[in-house]
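Chemist: Any chance you can model this:
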Amino acid sequence: MKTVFKLSLLILTISLTSCSKDRDNDPSSSQNLTGLAAFLNGEFNVTQTDYNGSLTTVIATIPLNGTGTGTQGFYNFNANAKTVSYSVQTTMQASVLGQNIDFPVNVGGNGTIQYVSDTRFTITDANNGTTTYDVSNKTSTGLRATTRFETDTLGGTVDLLLDVYLEKK
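Modeler: From the prediction side, this is the model:
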């Protein structure tokens, strides 16, 4: 009986030690993180996007300003591994010759993240290069991250400041 008890205790000790070591090596755990890295570690939903900029065509420059419709997306930050995956979809609207035209905005990718300060981070990925985000309106569960969005479209070039509102899952 003593041998069974000692053997059970040994197995329990080994399995607890293994679990502890696994947790220590888990890049998604938030140990030793501070500042913006600690806050952003985890999953966030995109709840809103605001845009301000222009669409430049060969004919004219059209101002773009408003709140995106049909907005959805996510940012998944792994601060210890310094990686992020993200996807944002929204629709912006431009008034051209008195008619409203909808333009989809789809941005996504995955890459590395650098926490520059408590109010700035950059994401570098193969598709979009390096993108800088300035953080404001931070609450206990969310924030607004402003970034520049530039893309060539069939009809011209879009140049925007894009405010992305993130809320912790």
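Chemist: which residues in the protein form strands?
Modeler: Using DSSP state E, the strands of the chain run over residues 42-56, 61-67, 69-78, 83-96, 99-117, 120-125, 129-136, 142-152, 157-168.
Chemist: Quick check: neighbours of the fourth one in the sheet, parallel or antiparallel?
Modeler: Spelled out, that is strand 83-96. strand 69-78 (antiparallel), strand 99-117 (antiparallel) (DSSP bridges).
Chemist: buried ones in it?
Modeler: 83, 84, 85, 86, 88, 89, 90, 92, 94 (16 or more other Cβ atoms under 10 Å). C-beta coordinates here come from the backbone N, C-alpha and C atoms, glycine included.
Chemist: Now pLDDT too, for those, in TSV please.
Modeler: Converted to TSV, the buried residues of strand 83-96 look like this (pLDDT from 0 to 100):
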residue	pLDDT
83	97
84	97
85	97
86	96
88	95
89	95
90	94
92	90
94	83
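Chemist: now, which of these sits nearest residue 68?
Modeler: residue 90 (3.1 Å; Cβ to Cβ).
Chemist: Show the contacting residues for the closest one.
Modeler: 49, 68, 69, 70, 71, 72, 73, 104, 105 (Cβ atoms under 8 Å, 6 or more residues apart in numbering).
Chemist: Report the beta-bridge partner residues of it.
Modeler: residue 105.
Chemist: Could you list the low-confidence segments of the chain?
Modeler: Low-confidence regions of the chain, defined by pLDDT under 70, span residues 1-31, 154.
Chemist: give me that answer again for 80
Modeler: Scanning the chain with the threshold set as pLDDT under 80 gives 1-31, 96-97, 153-155.
Chemist: And the strands paired with strand 83-96: which comes nearest residue 43?
Modeler: The nearest among these, by Cβ to Cβ, is strand 69-78 at 5.1 Å.
Chemist: who's the residue most central in space within the chain bridged to?
Modeler: In the chain, the centroid-proximal residue (Cα atoms, centre = their mean) is residue 75; its distance is 3.2 Å. With DSSP bridges as the criterion, residue 75 is bridged to residue 44, residue 86.
Chemist: Check residue 111 too.
Modeler: residue 84, residue 125.
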